[in-house]
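**Q** with the sequence up front, the predicted model follows.
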Amino acid sequence: MTAPKRWHARGLGLGLLVLSVALAVLGAAVGSTGLASMASAWGDTISAQIVWDIRLPRSLGAWAAGALLGLGGAIAQGLFRNPLADPYLLGSASGASLGVATAMALFGVTPMASAWAGRLGLTSAAFVGAVGAVVLTLLLARGVQHTIRLLLAGVVVGVVLGAVGSLVLLLSPQTLLAMQTFMLGSTSFVGWGACVLMVVVWLLCTALAWWMAPVLDGLALGEFTARSLGLPLERTRALLVVVLGLATATAVAQTGLIAFVGLAAPHVVRALVRCSQGTLLLLSSAMGGVLLMAADLLARGLVSPLELPVGLLTAVLGGGYLLWLMRRGSPTRFGGAP
């Protein structure tokens, strides 16, 4: 990597850091009553509690969830050498949906439940469902030796578990309305505990992914080339799948299904800089955090005092961006190997 490219990557990283801080401050300041509520928080106990216990953890949690999804998207696209790969490729989204739908049908809890036990039950159900889907994909693919088999197994598991989740909802129609919050994605229920958990998992997953980034650089040259370089492909693939599953499951368990952030973040980074896989992982993660924080602010402010589902907004904006990129960009920029 030449010095100018490395400089541009550092500049993008610094810009994303500044944007993250600015969006976090803005997210803590903006509410249904506007910016004035931030100023009143200094002298009003209730306003201060709203800022520090609701808005700030929500904004930081949105960044952490977006960072996990952005990291997962970069890993998936590098691992499968497919620009259309996203963090949900191994069936984790369908597994999480099935877990939440089953919990609602059996125990009657909803995403609107204020009880701590109810929220913990839904979060655990989503996490177990997502991890279970990844494990089922690995069993169906008989390991990670064959990338194509793993990819197809993930698609099959996603379709099957999605159908089973739909069947559960049909058999329990009272959960349909409540399930919309999870399916469309929301950061409204992210507190300090969830925020800290996502940050810890993000630090762990980022460190592991950075350590394994040289293997992704080798895979970008082709599997035969990577093997000729003596890279430990099987072991690294298995670890990358674990990291991908853990990052995705943690984000989905806390915020529901948020579309296109994990898919779009690596593409935005590639459109701005050319860099190694290790740098791409870090920048994609930061880009995902910025994208979800910005989407969360838009979801709160576009039709205030009503609030749009943030997952719906990311799907519209992310899909629109990718369509625009396909229309104006060269095939190598959008569809080339990561």
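**A** Received, thanks.
**Q** from now on I want contacts and neighbour counts done on CA atoms only, so please keep to that.
**A** OK.
**Q** list the buried ones in the helix or strand hosting residue 133?
**A** Per DSSP states H and E: residue 133 is located in helix 116-141. For helix 116-141, burial by neighbour count (16 or more other Cα atoms under 10 Å) applies to 118-119, 121-138, 140-141.
**Q** repeat that for stretch 211-226.
**A** Buried positions in stretch 211-226, judged by neighbour count with 16+ other Cα under 10 Å: 212, 213, 214, 215, 216, 217, 218, 219, 220, 223, 226.
**Q** now swap in stretch 288-295 and tell me
**A** Within stretch 288-295, the residues that qualify as buried are 288, 289, 290, 291, 292, 293, 294, 295, counting by 16+ other Cα under 10 Å.
**Q** pLDDT of it, averaged?
**A** In this model, stretch 288-295 has an average pLDDT of 93.
**Q** using CSV, list the CA coordinates for that stretch.
**A** Taking Å, rounded to 0.1, in the frame of the first residue of the first chain, the C-alpha atoms of stretch 288-295 are listed here in CSV:
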residue,chain,number,x,y,z
GLY,A,288,-21.4,1.3,10.0
GLY,A,289,-21.6,3.1,13.3
VAL,A,290,-21.9,6.5,11.7
LEU,A,291,-24.5,5.3,9.2
LEU,A,292,-26.7,3.8,11.9
MET,A,293,-26.3,6.8,14.2
ALA,A,294,-27.3,9.1,11.3
ALA,A,295,-30.3,6.9,10.4
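**Q** touching that stretch from outside, list them.
**A** Stretch 288-295 is contacted from outside by 16, 19-20, 23-24, 27, 59-60, 62-71, 261-262, 265, 310, 313-314, using Cα atoms under 8 Å, 6 or more residues apart in numbering.
**Q** between the helix or strand hosting residue 98 and helix 116-141, how many degrees?
**A** Assigned by DSSP H and E, residue 98 belongs to helix 92-107. Helix 92-107 and helix 116-141 are oriented at 130 degrees to each other (axes from the mean of the first three to the mean of the last three Cα atoms, to 10 degrees).
**Q** how far off centre is helix 92-107?
**A** Helix 92-107 sits 18 Å away from the centroid of its parent chain (Cα atoms, centre = their mean, to the nearest Å).
**Q** gap between residue 302 and residue 184?
**A** Relative to residue 184, residue 302 is positioned 17 Å away (Cα to Cα, to the nearest Å).
**Q** could you export the buried residues of stretch 288-295 as a markdown table, including secondary structure and distance to residue 270?
**A** Listed next are these as a markdown table, based on DSSP: H, G, I helix; E, B strand; the rest coil; distance: Cα to Cα, whole Å:
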| residue | secondary structure | distance to residue 270 |
| --- | --- | --- |
| 288 | helix | 13 |
| 289 | helix | 16 |
| 290 | helix | 16 |
| 291 | helix | 15 |
| 292 | helix | 18 |
| 293 | helix | 20 |
| 294 | helix | 20 |
| 295 | helix | 20 |
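**Q** fine by me, thanks again.
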